[in-house]
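[1] pasting the sequence and the predicted model now:
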Amino acid sequence: MYKYKIKNETREFEKYISIISPITNDEYAKVPSLSIKDVDEIYDYAKEQQKLWAELTISQRGAFLIAWADLLVEKKVYLANIMVNEIAKSYKDAETEIVRTSEYIKYTVEQMYRIIGQNTSSENYYGGNKGKIAITKYVPLGVVLAISPFNYPVNLAVTKIAPALIAGNSIVFKPATQGSVIGIEIIKLLEQTGIMPGVVNIVTGSGSEIGDYLSSHELVDFISFTGGSKTGENIASVSKMVPLVLELGGKDAAIILDDADLDFTIKDIVSGAFSYSGQRCTAIKRVLVSTKNKKLVEEMLIEEVKKLTVSNDMMANPNIGPLIDVKSANYVDGIIQEAIKDADLLIGNKRENNLIYPTIITNVKRDSELAIVEPFGPVLPIIEYDNINDAISINNESKYGLQASVYGNNINDLMYIAERLEVGTINFNGKTSRGPDNFPFIGFKNSGMGAQGIEHALKSMMKVQTIVINK
């Protein structure tokens, strides 16, 4: 049973939530289920301590973060094993996520030194004079609410926490319920650095009980959320005037042009679609292929998917493991069963509890459920297009606009498509992905609002203040 500190006091709680391992479907741990009263205490303390934290220099704040980064790597085996059991991530991928996150922290500290204000003279403006000078600087927002998802519980927590802290904010951190154990553990490591109490605060509990209260609290100054589009829309609704960065769902397409290198393309698409069982907002979630190449692409996809390993043993690093819970497996399975009524199954459609085997379905109509929704599981539809403009149209019909991949060799065709796709990131001859972490990461339409990537994240966590000197 997990405990943690509120106002620097380790507490017992009245209610706890069971964390069920996706691997065994048995209880793995219990975490506190906080009340509204607990949330009030946390926000009050975070607001109070933020003012003291902001008085430290960048190098003083950065020292705690760099020490945290080193501890994450030092404890990577311990942390990776938790992720294996709590969210059914393969051990190899869990360890990779931890190392990547450590590097993210150190780069974030470095990047903060590069973000400086500027001095502006009034004579630089039309009709201006020499009588005014503006000193522009970046200052902290205050208390940042960070809400992370289950699928990358270390990286997508730290990509919110680290920029907020180095910028001088305090944090109220709400991990996904399935992901709370690893969330508690990484905060414990941060506390081991000797960081000021109350600067980082963790909240676990039922989103239905405290979710809206966290997002609408009068003391929250900024919200960074990664998760489902419906939840993101609700946060935007209840938070009112609070600035937001929302990283939401996707329906990322892989558009295969007729001159694509199919040997490379097929391998890349299968990796992009099925890693972590498709439970990624940036997973490839549909393949768009021309009539000319459709049959060959289908045959090659089948052969590549046959090479994937499927297992509940995440220490063996399978390509496909169990989905996060039975409810998610039911949802994905339901989408598959509905799709194959009108389309053609190429491979898959096999289930063992919450383990869904990689599934490819072809001749999917562009207006069918599988072509539209984000299943968040290992199922990939193939949609046929007539010409390049038709492929663009199919992509843009989606309510999502996160990323897309375009495979081909004619740069004119690639640029023509890229300039017309309604997505935040277009990848030429590469699968959709979130990194490198210093690249901008933006979602159009229902895929989010605001920009991430280290520099953008830092600037979003601060406000611009101007001092005008009148000579």
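    Here it is on my side, so go on. Everything numeric in this text was worked out from a predicted model, so none of it was measured.

[2] pull the longest helix from the protein.
    helix 91-114 (DSSP state H).

[3] I'd like the average pLDDT over the next helix or strand after that helix.
    Downstream of helix 91-114, the first helix or strand assigned by DSSP states H and E is strand 118-121. Mean pLDDT, computed over strand 118-121, is 86.

[4] strands of the stretch 301-450 of the chain, start to end?
    Along the stretch 301-450 of the chain, the segments classed as strands by DSSP state E, counting those that start in this stretch run 344-347, 351-352, 355-356, 359-362, 379-385, 400-401, 403-407, 425-428, 441-442, 444-445, 448-449.

[5] and residue 166, which of those strands is closest to it?
    strand 441-442 (18.3 Å; CB to CB). No exception for glycine: its C-beta is placed from N, CA and C like everyone else's.

[6] so what does the closest one touch, helix or strand wise?
    Counting contacts by 3 or more CB pairs under 8 Å, 6 or more residues apart in numbering; DSSP states H and E, strand 441-442 is packed against strand 451-452.

[7] ok, back up a step: and the strands of the stretch 301-450 of the chain, which is most packed in?
    Across those, averaging neighbours per residue (mean count of other CB atoms under 10 Å) puts strand 403-407 on top, at a mean of 27.

[8] CA atoms only: put that strand into PDB for me.
    Taking C-alpha atoms only, strand 403-407 is exported to PDB below (Å, rounded to 0.1, in the frame of the first residue of the first chain):
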ATOM      1  CA  GLN A 403       0.800  13.600 -37.500                       C
ATOM      2  CA  ALA A 404       1.100  11.800 -40.800                       C
ATOM      3  CA  SER A 405       3.800   9.800 -42.700                       C
ATOM      4  CA  VAL A 406       4.400  10.100 -46.400                       C
ATOM      5  CA  TYR A 407       6.500   7.400 -48.100                       C
END
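
[9] check the offset of that strand from the chain's centre.
    The chain centroid and the centroid of strand 403-407 are separated by 19 Å under CA atoms, centre = their mean, to the nearest Å.

[10] partners of it in the sheet?
    If you go by DSSP bridges, strand 403-407 pairs up with strand 252-256 (parallel), strand 425-428 (parallel).

[11] turn the ones you listed into TSV, columns for mean pLDDT and distance to residue 28.
    Output for the strands paired with strand 403-407, formatted as TSV (pLDDT from 0 to 100; distance: least, CB to CB, whole Å):
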stretch	mean pLDDT	distance to residue 28
strand 252-256	98	31
strand 425-428	98	35
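
[12] closest to residue 141 out of these?
    Nearest to residue 141, of those and by CB to CB, is strand 425-428 at 26.0 Å.

[13] which outside residues touch that closest one?
    Outside of strand 425-428, the residues within contact range by CB atoms under 8 Å, 6 or more residues apart in numbering are 402-406, 414, 417-418, 432-433, 439-442.

[14] is it possible to get a markdown table of those residues that adds distance to residue 327?
    A markdown table is the format used below for those (distance: CB to CB, whole Å):
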| residue | distance to residue 327 |
| --- | --- |
| 402 | 23 |
| 403 | 26 |
| 404 | 29 |
| 405 | 30 |
| 406 | 34 |
| 414 | 40 |
| 417 | 37 |
| 418 | 37 |
| 432 | 26 |
| 433 | 27 |
| 439 | 33 |
| 440 | 34 |
| 441 | 28 |
| 442 | 30 |
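
[15] wait, isn't residue 173 in contact with residue 199?
    No. Shown here, residue 173 and residue 199 do not form a contact pair, counting by CB atoms under 8 Å, at 11.0 Å.

[16] wait, what's in contact with residue 140?
    50, 54, 167, 168, 169, 461, 462, 463.

[17] how close does it get to residue 50?
    Look at residue 140 and residue 50: by CB to CB, to the nearest Å, they are 7 Å apart.
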